[in-house]
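S.K.: With the input below, show me the fold.
(2 chains)
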Amino acid sequence: MLTIEQGFIDLGDFQLTADLSVPQGARVAVLGPSGAGKSTLLAAIAGFQALTSGRILWDGQGMARAPAARPISMVFQDNNLFPHMTVAQNVGLGLRADLKLSDREQVRVKGALDRVGLSGLAPRKPAQLSGGQMARVALARVLLRDRPLLLLDEPFGALGPALKSEMLALVAELLDETQATLLMVSHAPEDAKLICDQVVLVADGRAEAPVETAEIFTNPPEVLRDYLGDHPRT
Amino acid sequence: MRITRTTALGVLALGVVLCLTLGTLIAVMTKATGGVFAFLSLGPHDFAAIRFTLWQALASAALSTLFAIPVARALSRRQFRGRAALITLLGAPFILPVIIAIFGLISVFGGRGIVSQALGFFGYEPISIYGYHGVLLAHVFFNLPLATRLILQGWLMIPAERFRLAASLGMTPRDIARTLERPMLREVLPGAFLVIFLICLTSFAVALALGGGPRATTVELAIYEAFRFDFDLGRAAMLALVQFAMGGAAALIAFRVAIPHDTGAGLDRAVMRWDSTPVQRGFDGLVISLAAGFLILPLAMIFVKGLPSLMSLPGSVWTAAARSVTVALGSAIFTLILTLPIAALAVRRRSKWVEGIGYLTIAASPLVIGTGLFIVIFPIMSPSKLALPVTGLVNAAMSLPFALRILVPALAGVERDYGPLADGLGLTGMARLRLLWVPRLRRPIGFSLGLAAALSMGDLGVITMFADGDAATLPLQLYRLMGAYRMEDAAGAAVLLMGLSLALFWIFDRGGRVNADH
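M.R.: Numbers count the residues shown, from 1 in each chain, chains lettered A, B, ... in the order given. So this is what the prediction gives:
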């Protein structure tokens, strides 16, 4: 279980408070208007943004300082792949950061690529891939990292609608296999409806406690209504 | 604050820089007769040197920027065949060994040069290149191209839409100059002027070869003479303090003025203009031809004179060349060893101070550092034994500001784009260097190494203080050949030196570009 106790971040012209917990295995969409602090919340959980006060706990324990030592895999909006490395190297980083992979580990890299549908693309560089393929490489690495908490910061924002649903479906499949907990930043409510069972609403400098997805959309609080507009998209 | 490897290595590199700049200065102070009141014991010759140093730096900066304005304007609005090549050539004097340019200028403007011969044909006296006007000529030769590139950058930064707007409003060339061009020049010129002033303030090799005497001795040259001819360490040390004070004051002023940065990017296209007149076109053509001739003729003369004797060069020139290449390679690597940790620390701590300390070597002059090192080494062992390592070390310190200027923004960009991903994956220490920094920074690293190697290859500064008879580098050997009037050998050595300098730069720079992923 992920717990944020009295979390407070002060960036001068911007403040964010959060006091919430996310149960093991939950799939949570983090929704809210632009600039509300969705990415800041994820950065704090991942260890990129220090809390001004409060604590973030995983299963009741404090988390390590270094982002890589936390029980977390993260996929960013962009720059998820190193352009000078091959697909296999980019995925292999999920096993060993110094890339000194054993033969068995090489086999696991290949297996992960097969799993996300990129068999045969191992020697390519990212520049030779499509947007969808790049997203799949990042997910293959998530698979090898095998951490209990997956953070997605609008990773498929640049993809077209069809490709995006395809990726979300792949994420759902991987979560079924790994039983990981998901926090996904999005500003598209339909993403949340597609794969998330809970929603954390971030608005007015506050991250609210998670609410059932079905419930929040049938009876949206005012900030969400404002954000969705008068004619909510379906 | 946690002590990480980045912090430890960065602080260590900064320590080396501080020892080389302030440490040598302290060493110098211990020898300066009169201590803090050093000024009281300076003689009339010393004051003449100070006056000349300031005057020639002002005059060189003024002439270079003044002449550069029409050249940059012409290049900004004319598209012609060879324009790109000419602009590339304008970048060449920066890595051209000073002694080579001097050789070329003597071939053109010297007593037996082609200009004097042409004058003699019409019955005029030959001109002399020695003295203050020779110093100015050489400084303008080096800095006119630099000023042109900086000002051209300013011209091309004016958005093309403004010129379209000016055309649609029916503005005349005078209107355009008033509303668009002069405001740009007011921003760019002070910085360009200051950069050149700073460069000329530490002028040594030019003054050594073309100046001298009571009317054309710079402080740097006076340090060398006090040191080499009189072996008066006390006076050399006092002059070194004066030099440091001048350099420091100029650098402090420079920090307050926006110094333009030759990015080299986007100079390859001219601006479309609608206010062109035949007179203007003719004037631009004339200006470009004159500037190109001024730049190309001395370099061409070196080839004409030197190529025939290249194969019959004495063995001492070849051994000097081998020595110089070794020093240049060592110096380039040491530059990188200093630059990377300082850049990493500056980026990690987002500290302007860290970068600022790296720029200290701009204020310190090579001869001041050399004097200090000599004072430190002298009681322990014979300084001439360490001539080559010291030369490489001082050259590296001199290249450091340029390398930092290139690598700090590049590393900041890499960390901005890929830092979080690398942190998330636990890419730290050597793995981060090997898997992220080196592959992503190949181009700027190659460029920095090339620059440092070429600058060291052509350096004729601290080596003159330390070298005795047989440990000469190629530039020093060339200078000695010129001094002995062995002009054919000198011309061949000049071609060799130019070729090696450009080759070193090209190989490193190229190495950084080949197969680089974007």
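
S.K.: Dihedrals phi and psi, the residue most central in space within chain A?
M.R.: The centroid of chain A falls nearest to A:Leu152 when counting by C-alpha atoms, centre = their mean (1.5 Å). Per-residue torsions, A:Leu152: phi -120, psi 120 (degrees, to the nearest 10).

S.K.: Next: A:Leu31.
M.R.: Dihedral angles (degrees, to the nearest 10) for A:Leu31: phi -110, psi 160.

S.K.: What are the boundaries of the strands in the chain?
M.R.: No chain specified, so I'll use chain A. In chain A, strands defined by DSSP state E lie at A:2-10, A:15-22, A:27-31, A:53-58, A:61-62, A:72-75, A:149-153, A:181-185, A:198-203, A:206-207, A:211-212, listed in chain order.

S.K.: Can you look at chain B instead?
M.R.: According to DSSP E, chain B contains no strands.

S.K.: got the residues of it near chain A?
M.R.: B:417-418, B:420-421, B:423-428, B:430-431, B:434-436, B:439-440, B:517-518 (C-beta under 8 Å from any C-beta of the partner chain). Any C-beta I mention is one placed from the backbone N, CA and C, and that applies to glycine too.

S.K.: Find me the pLDDT at residue 39, would you?
M.R.: In the absence of a named chain, this looks at chain A. The score at A:Ser39 is 91. That number is its pLDDT.

S.K.: Wait, chain B was what I had in mind.
M.R.: The model reports B:Phe39 with a pLDDT of 56.

S.K.: Let's have the strands of chain A in TSV, adding distance to B:Leu89 and mean pLDDT.
M.R.: Converted to TSV, the strands of chain A look like this (distance: least, C-beta to C-beta, whole Å; pLDDT from 0 to 100):
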stretch	distance to B:Leu89	mean pLDDT
strand A:2-10	54	94
strand A:15-22	55	94
strand A:27-31	56	94
strand A:53-58	59	94
strand A:61-62	62	91
strand A:72-75	48	93
strand A:149-153	48	94
strand A:181-185	52	95
strand A:198-203	57	92
strand A:206-207	59	92
strand A:211-212	68	91
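
S.K.: B:Thr6 versus the residue of the stretch 201-350 of chain B found nearest chain A, what's the distance?
M.R.: Nearest residue of the stretch 201-350 of chain B to chain A, counting by C-beta to the nearest C-beta: B:Arg348, 14.3 Å away. Computed with C-beta to C-beta, to the nearest Å, the distance linking B:Arg348 and B:Thr6 is 5 Å.

S.K.: May I see the strands of chain A organised as CSV, with distance to B:Glu161 added?
M.R.: Output for the strands of chain A, formatted as CSV (distance: least, C-beta to C-beta, whole Å):
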stretch, distance to B:Glu161
strand A:2-10, 42
strand A:15-22, 41
strand A:27-31, 40
strand A:53-58, 50
strand A:61-62, 56
strand A:72-75, 40
strand A:149-153, 37
strand A:181-185, 38
strand A:198-203, 40
strand A:206-207, 44
strand A:211-212, 51
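
S.K.: what are the phi and psi angles of A:Leu11?
M.R.: When quoted as degrees, to the nearest 10, the phi and psi of A:Leu11 stand at phi -110, psi 30.
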